[in-house]
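Need the 3D shape of this:
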Amino acid sequence: MSAILAASEVVVQFNDRLVLDRASLTVNDRDRIGMVGRNGSGKSTLLKILAGLHQPDSGVISPRRLLTIGYLPQAFELDPERTVTESVRSGADHVLGLIAEFESLPPVSHRHAELEERILALDGWGLDHRIEAAMAHLNCPAPDRRIGNLSGGEQRRVALCRALISRPEVLMLDEPTNHLDTESIEWLAEFLESYPGAFLVVTHDRYFLDRVSNRIAEVSQGSIFCYTGNYTDYLITRAEREAAQEVNEHKRQMFLKRELEWVRRGPRARATKSKSRLDRYYEVAGESAPELTADVDLVIPPPSPLGNRIVELENVGMAIQDRQLFSGLNLEFTAGQRVGISGRNGLGKTTLLKIILGQIPPTEGTVKLGQLTQFNYVDQGRLQLNEERTVLEEISEGSDFVLFGDQQLSMRAYLKRFLFTDERLGSQVKYLSGGERSRLLLARILKNGGNFLILDEPTNDLDLPTLRVLEEALLAFPGVVVVVSHDRYFLNRVCTDILAFEDAGTISHSVGNYDYYVEKRARALQAASPAIASPGSQKPGASNSPGSQTKPRKLTFKENRELEGMEGAILEIEEGIARIEALFGEPDFHRKHGDRTANLTEELAAGKERLASLYKRWEELETISSTAQQSRQT
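A predicted model of the protein is given here:
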């Protein structure tokens, strides 16, 4: 691999805040780089610098000659007067320009070969096909709709499509999975897996990072730390690095303690030896300790007790005009249940939330609410912050305390849990970074309490460390949690149940996490497909007589028992894998479990290997069982 883009010793400072401090990064021609870091750490700033849209205060950016770069920023701009198709095609203006020049040249021209080579390298002749495929898979609005009439989510899908279709040598995407449904995220992952160039992607979707990245670049405290491998590899390597740093810091402190005692005793050794030892003491004392990153100490206020009835849905359905969104939904919520809702955009997920809340009535069935049920609803639009208020004013709203169950917590102490220092409490909201705004919104939302928490797309605006803490808080929450999310990692880690919106107005309820639902759905689809070929598809010479067909065998008694216990065994191993991955994701992993890093890594690898083996065996037994059953029916 060869370097095609490099940033060296980059420094960026906003007012008195040093965002990037001599940060360096090299991009090679086949790199798949996932960028992680706290909100406000400088990830988006670095992408803008690499894309040539922002100049650093100092440092050098070195792109290869004629390098093409595609960039999707978080805050994108589209011409409101253009149509969807016109906006998407504008992403390939440089390709269209090459094609136009090629077609305008006279039959004999020395530029023909050069232009054709560049057009072929950019797959310019397949541009129209790529545009149609990308728009279809990303569920873009109708081609002739005006940008000015689209919602924010629709505009983002158009902007993403515009960035992808030009196939630049370096593709940079800032939060591309926001506002995408699971199917679109799956297509985007497949697109990037086969992408011929290099790409850098900033995302909080850990499952997505695990799948597409081969390097992780962590932006932290002004520097960039690079790790080989995907997100899971990064967690393991970082934990090992921090554990080693902690050991070295412990040795340094012990050395200083011993030397300090020696200095206080006033040794009577030779003056030259004393001076040498003192010089060594001051040298070690002058070394800086590893900087520890503070984490949000998020605790959801303890909920009030729930009654025997919480929320019951009986044959609930919803139709809008002539369109049936869903029907026949029966579900009874219980304390400690954490239900994840997934499915393509536009199928009725947010509508279901509003039915549960009692904001709109269903067109079919009934919703029964318990008398003690108290909702806390976080919608997609979130709460609007008052730009002129200070952080403290925005949260306190005239009160000095937050109720935590039967106890009171001072507003200042509550905000410190979300990493707001005393100095920052007096800052106006308009001066906060993106990460600080997200934490402020989270603090405002969660202080409302409630024993039935409903979160609609909570993962879009939170950085990875805050997401992990939110997951821990939800896991410890004794009330009911309902969360709409396309973040597969989040659904796997948090949820006890999945409500999946499928096609034809069907809602599938599955106990377990999202991966388990996907596996069950795949088995169901496989079982539903015909296992015996139709008569017209028989090979020549094959006989249709019953005697000429081999009778499929049945499962033995032992195999039946094995199949019955397979589901529980898989769930147990998945829980073990999730437990280890959660340990690696803990902010204080190196302090609590640093000495177990190697053993945990081996245990994780063994668990994944065992899980793959079990799934393979399950598929074999299910195939035998379903084939035998279909044979009996015919």
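
contacts, neighbours, all on C-alpha from now
OK.

For residue 145, which residues are in contact?
Contacts of residue 145 were listed using CA atoms under 8 Å, 6 or more residues apart in numbering, and they are 83, 84.

now swap in residue 231 and tell me
34, 206, 209, 210, 213, 216.

can you put the residues you listed in TSV and add pLDDT?
TSV is the format used below for these (pLDDT from 0 to 100):
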residue	pLDDT
34	95
206	88
209	91
210	90
213	93
216	95
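
ok, those vs residue 498, which is closest?
residue 206 (18.9 Å; CA to CA).

Skip the chain neighbours and tell me the closest residue to the closest one.
residue 489 (6.0 Å; CA to CA, 6 or more residues apart in numbering).

And stretch 191-202, what's buried?
Residues 192, 195, 196, 197, 198, 199, 200, 201, 202 are the ones in stretch 191-202 that count as buried (16 or more other CA atoms under 10 Å).

and whichever strand or helix holds residue 211, what other elements does it pack with?
Remark: residue 211 resides in helix 206-212, with elements defined by DSSP states H and E. Here helix 206-212 touches helix 182-193, helix 231-265, helix 488-494, going by 3 or more CA pairs under 8 Å, 6 or more residues apart in numbering; DSSP states H and E.

circling back to that earlier point, which of the contacts of residue 231 are buried, as a ChimeraX select command?
Buried residues among the contacts of residue 231 (16+ other CA under 10 Å), as a ChimeraX selection:
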select :34,206,209,210,213,216
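
Can you pick out the most distant pair from the contacts of residue 231?
Longest span within those, CA to CA: 206 and 216, 11.4 Å.

that's a strand at residue 60, yeah?
Yes - secondary structure of residue 60 (DSSP: H, G, I helix; E, B strand; the rest coil): part of a strand.

Give me the neighbour count for the closest residue to it other than its chain neighbours.
Spatial nearest neighbour of residue 60, chain neighbours left out: residue 8 (5.2 Å); criterion: CA to CA, 6+ apart. When counting by other CA atoms under 10 Å, one arrives at 15 neighbours for residue 8.

Tell me the spacing between the closest residue to residue 371 other than its chain neighbours and residue 333.
Once flanking residues are discounted, residue 371 sits nearest to residue 307: 7.1 Å by CA to CA, 6+ apart. For residue 307, the distance to residue 333 equals 11 Å [CA to CA, to the nearest Å].

Looking at the two, which is more packed in?
Each of residue 307 and residue 333 has its neighbours counted (other CA under 10 Å); residue 333 has more, 17 against 14.

which phi and psi does that one have?
Dihedral angles of residue 333 (phi, psi; degrees, to the nearest 10) stand at phi -80, psi 140.

who's in contact with stretch 354-361?
Residues contacting stretch 354-361 (CA under 8 Å, 6+ apart): 311, 362, 367, 375.

Contact partners for the third one?
So that's residue 367. Residue 367 neighbours (CA under 8 Å, 6+ apart): 311, 312, 313, 314, 316, 355, 356.

quick one: what helix or strand has the third one in it?
It refers to residue 313. strand 311-320.

rewinding a little: run a quick neighbour tally on the residue nearest to residue 206.
For residue 489, using other CA under 10 Å, the count is 19.

I'd assumed residue 204 was in contact with it.
No - the criterion here is CA atoms under 8 Å, and residue 489 misses it with residue 204 at 9.9 Å.

ok, now how distant is residue 235 from residue 242?
From residue 235 to residue 242 the distance is 11 Å (CA to CA).

now swap in residue 600 and tell me
Distance from residue 600 to residue 242, by CA to CA: 15 Å.

which residues does residue 367 bridge with?
On the basis of DSSP bridges, residue 367 is bridged to residue 313.

per-residue pLDDT, it?
Looking at residue 367, its pLDDT stands at 94.

Next SSE downstream of the strand holding residue 313?
strand 323-332.

Within its sheet, name the partner strands of that following strand and how each one runs.
strand 311-320 (antiparallel).

which parts of the helix or strand residue 393 falls within are buried?
For residue 393, the element it lies in under DSSP H and E is helix 391-396. Within helix 391-396, the residues that qualify as buried are 391, 392, 393, 394, 395, 396, counting by 16+ other CA under 10 Å.
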